[in-house]
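Engineer: Predicted coordinates and the sequence they were generated for:
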Amino acid sequence: MTGYRYRIADFMVDLLSINLDDQGYANAWQQALNDLKTASPNGEITHVQLRTFWKIPDISNQSTWNTPVLGAYEDSQQVMCDNYKKWVFGYPTDPNYGPCAAKRIHDAGFKLEFCLSTAWTGTGTIADSVPVFHSGPEADYPTFNGETFLTNYMDNTLRPTAEFLASNSNFENGDIFMLTFEMCYPYGDFCWNHNAKWISMIDEVRQIFTGAGKSSVLLTIDINGFYNDYGLGYDGLQLLIDNGLALDNQLPAYYKGLTGATYLSHLDFISISYWLAILTSAQIPATWTDNDVDTLIVPAFRNNLNWYKAGTGHGMVSGVFGRDIIQDFWAINQIMGKPILTNVGYRNAHEVLTRPIGSGGTIDAMAQKVAWVAQVRGFGSQPWCCGQDFERYCLDKDAHPTHIDTSWRNAPAQDGIIQEIRATISPAPTIPWIPLILFGGLTIILFIRGK
């Protein structure tokens with residue numbers, strides 16, 4: 001058994017409505033859960049992910065950046081903010097077509113991951129729209145104060161949500177609470193400037209659950225991903241240099257990156273959104289086959305020709321393409337001492353591995369399948385990897401085979417994901433040499449090996 005423990009199907013709440021007050025929506029949502037249960041009869045998928053949202057009142061107005069609140073910008077997300085307590089957790093009463101979603105998830109044999117997610121702005125996440133959450137130094141935005149922001153985040157969003165979940169019988173031990181989802185990228189100093197503040201927040205949230213008898217609720221935070229040494233950070237790069245895994249070309253110490261966000265070590269595991277191009281356009285074959293998993297995609301995790309190798313592309317050293325993504329995650333794990341879960345999604349589009357983020361493309365269900373099989377095969381056996389958030393389980397691809405999006409529900413990718421999970425968590429055993437004693441004292445040695 002590997003450490004690949006948390007295998008999460010994302011029921012994106014603004015794409016697959018969870019309005020259990022409406023019979024049509026309730027039936028459609030239940031059918032998705034039934035489909036997942038049928039596809040995962042032996043616990044291949046462990047958790048179903050649901051979300052509510054937080055926002056900054058007016059992204060264009062810097063004076064509001066310090067005051068995050070629960071809520072969303074789009075109606076499809078705001079309706080979840082307004083109703084999640086009832087629809088997901090049956091509070092104060094069950095929805096019209098109960099039971100609530102959390103009970104349905106648990107009754108189906110899954111656990112729940114509940115996320116406090118950044119709201120979608122219409123063009124990206126809040127981190128894509130507010131410079132201090134992307135790469136802008138806090139000092140360049142004097143009206144913004146990171147400590148004040150986090151105090152208000154705790155008071156307005158995080159503590160109330162944690163207290164509600166702790167008090168609700170439908171949020172159970174073994175469920176996961178994500179304290180924030182994609183709040184910031186590791187390029188700006190907001191990511192690493194407030195370690196002590198974050199540690200106090202994490203400790204308080206943990207105590208809230210412990211005090212309610214839910215000490216086995218798992219806590220995590222999702223950080224936006226990176227593709228270079230600046231995102232990995234000074235300490236991570238130094239570890240690679242010290243181990244002979246990167247050219248001895250260090251960054252200025254200011255660039256602490258993800259490995260400078262030491263508060264992440266206080267979580268049960270670290271979630272990283274890693275929607276990066278894996279292949280170049282020149283590497284995309286005319287026709288995808290299962291063989292491409294081992295010959296093309298999995299090797300690209302160790303030699304990604306879109307991004308510079310560690311130790312190159314800054315200072316006096318020119319960039320050399322061929323970044324080792326597996327090596328980056330190893331460094332984060334070594335520094336933080338906590339396992340890592342990756343978050344990504346793949347469209348059923350032929351060129352998806354050149355741009356996982358986005359929409360459209362040329363319809364190709366096989367491309368989605370091989371991308372996902374490679375993701376599980378390449379990451380699942382790594383000792384630092386504790387799981388995967390499989391975005392997303394929403395649209396039924398059996399009913400809509402020509403629609404291009406990241407849903408893998410009833411798509412060829414579903415079979416690929418489930419089969420690869422089985423191979424990862426229960427690998428075929430290796431059978432040792434077996435001596436057979438025959439008549440006359442003759443011994444024959446048979447060697448039989450599993451796959």
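Structural biologist: Alright, I've got the coordinates.
Engineer: three-state assignment of residue 7?
Structural biologist: strand (DSSP: H, G, I helix; E, B strand; the rest coil).
Engineer: What pLDDT is listed against it?
Structural biologist: Here, the pLDDT recorded for residue 7 equals 99.
Engineer: And it, how close does it get to residue 333?
Structural biologist: Distance of residue 7 to residue 333, computed by C-beta to C-beta, to the nearest Å: 18 Å. The way it works is simple: take the backbone N, C-alpha and C, and place the C-beta from them, glycine included.
Engineer: who's more crowded, those two?
Structural biologist: residue 7 (24 against 19; other C-beta atoms under 10 Å).
Engineer: wait, what's in contact with that one?
Structural biologist: 44, 45, 46, 47, 387, 388, 390, 421 (C-beta atoms under 8 Å, 6 or more residues apart in numbering).
Engineer: Need the max-distance pair from the residues you listed.
Structural biologist: Among those, the pair separated by the greatest distance (C-beta to C-beta) is 47 and 421, at 12.8 Å.
Engineer: re the thing from before, out of the contacts of residue 7, which end up buried?
Structural biologist: In those, burial by neighbour count holds for 44, 45, 46, 47, 387, 388, 390, 421, counting by 16 or more other C-beta atoms under 10 Å.
Engineer: so the first one is in which element?
Structural biologist: Residue 44 is part of no helix or strand when elements are defined by DSSP states H and E.
Engineer: so what's it closest to, chain neighbours aside?
Structural biologist: residue 421 (4.5 Å; C-beta to C-beta, 6 or more residues apart in numbering).
Engineer: how close does that neighbour sit to residue 43?
Structural biologist: 9 Å.
Engineer: quick revisit: could you export the buried ones among the contacts of residue 7 as TSV, including secondary structure and distance to residue 257?
Structural biologist: Output for those, formatted as TSV (DSSP: H, G, I helix; E, B strand; the rest coil; distance: C-beta to C-beta, whole Å):
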residue	secondary structure	distance to residue 257
44	coil	34
45	coil	32
46	coil	30
47	strand	28
387	strand	23
388	strand	23
390	strand	26
421	helix	31
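Engineer: Kindly reformat these as a markdown table containing distance to residue 121 and pLDDT.
Structural biologist: Putting these into a markdown table (distance: C-beta to C-beta, whole Å; pLDDT from 0 to 100) gives the following:
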| residue | distance to residue 121 | pLDDT |
| --- | --- | --- |
| 44 | 34 | 98 |
| 45 | 30 | 99 |
| 46 | 31 | 99 |
| 47 | 27 | 99 |
| 387 | 28 | 98 |
| 388 | 26 | 99 |
| 390 | 24 | 99 |
| 421 | 33 | 98 |
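Engineer: for residue 397, what are its contacts?
Structural biologist: 348, 365, 403, 407, 408, 409, 410, 411, 414.
Engineer: Can you flag the buried ones in the residues you listed?
Structural biologist: Judged by 16+ other C-beta under 10 Å, buried ones among the contacts of residue 397: 348, 365, 407, 408, 409, 410, 411, 414.
Engineer: does residue 100 really touch residue 94, like I thought?
Structural biologist: Yes: Residue 100 lies in contact with residue 94 (C-beta atoms under 8 Å); the separation is 5.7 Å.
Engineer: Looking at those two now, which is surrounded by more residues?
Structural biologist: More neighbours surround residue 100 than the other of residue 100 and residue 94, with 23 against 17 (other C-beta under 10 Å).
Engineer: Now the phi/psi pair for residue 345, please.
Structural biologist: phi -140, psi 150 (degrees, to the nearest 10).
Engineer: burial count for it?
Structural biologist: Around residue 345 there are 23 residues (other C-beta under 10 Å).
Engineer: Could you check how far it is from residue 421?
Structural biologist: As judged by C-beta to C-beta, residue 345 and residue 421 stand 16 Å apart.
Engineer: what sits against the most centrally placed residue in the chain?
Structural biologist: Nearest to the mean C-alpha position of the chain, by C-alpha atoms, centre = their mean, lies residue 343 at 2.3 Å. Counting by C-beta under 8 Å, 6+ apart, residue 343 makes contact with 222, 271, 272, 273, 274, 275, 388, 389, 391.
Engineer: in the chain, which ranges drop under the pLDDT threshold?
Structural biologist: Counting by pLDDT under 70, the chain has low-confidence residues at 1-2, 428-451.
Engineer: again, 50 this time
Structural biologist: 1-2, 433-451 (pLDDT under 50).
Engineer: hang on, isn't residue 329 packed against residue 386?
Structural biologist: No: the pair residue 329 / residue 386 is not scored as a contact, 11.0 Å apart, by C-beta under 8 Å.
Engineer: got any residues that touch both of the two?
Structural biologist: By C-beta under 8 Å, 6+ apart, the residues touching both residue 329 and residue 386 are residue 340.
Engineer: coming back round to it: the residue nearest to the centre of the chain: which element?
Structural biologist: strand 340-345.
Engineer: and if you look at residue 127?
Structural biologist: Following DSSP H and E, one finds residue 127 within helix 126-129.
Engineer: And the helix or strand following that helix, what does it pack against?
Structural biologist: Of the helices and strands lying after helix 126-129 in sequence (DSSP H and E), the nearest is helix 146-153. If you count contacts as 3 or more C-beta pairs under 8 Å, 6 or more residues apart in numbering; DSSP states H and E, helix 146-153 packs onto helix 195-211.
Engineer: Counting neighbours, which bits of stretch 188-199 end up buried?
Structural biologist: For stretch 188-199, by 16+ other C-beta under 10 Å, it's 188, 189, 190, 191, 192, 193, 194, 195, 197, 198.
Engineer: out of those, which one sits closest to residue 23?
Structural biologist: residue 198 (42.9 Å).
Engineer: So what does the closest residue to the closest one other than its chain neighbours have for phi and psi?
Structural biologist: Distances taken as C-beta to C-beta, 6+ apart put residue 263 closest to residue 198, at 3.5 Å, once the chain neighbours are dropped. In terms of degrees, to the nearest 10, the main-chain angles of residue 263 are phi -60, psi -20.
Engineer: Can you get me a residue count around residue 263?
Structural biologist: Neighbours of residue 263 (other C-beta under 10 Å): 20.
Engineer: can you pull the contacts of residue 195?
Structural biologist: Residue 195 sits next to 261, 262, 263 when contact means C-beta under 8 Å, 6+ apart.
Engineer: next one: residue 79
Structural biologist: 17, 19.
Engineer: so where do the strands sit in the stretch 251-400 of the chain?
Structural biologist: Along the stretch 251-400 of the chain, counting by DSSP state E, counting those that start in this stretch, strands occupy 269-273, 304-308, 321-323, 340-345, 385-391.
Engineer: of the contacts of residue 343, closest to residue 21?
Structural biologist: Among the contacts of residue 343, and counting by C-beta to C-beta, the member closest to residue 21 is residue 391, at 26.1 Å.
Engineer: is it true that the closest one touches residue 347?
Structural biologist: No: counting by C-beta under 8 Å, residue 391 sits too far from residue 347 to count as a contact (10.4 Å).
Engineer: For those two, indicate the residue with more neighbours.
Structural biologist: Remark: of residue 391 and residue 347, residue 347 carries more neighbours, 25 against 21, as counted by other C-beta under 10 Å.
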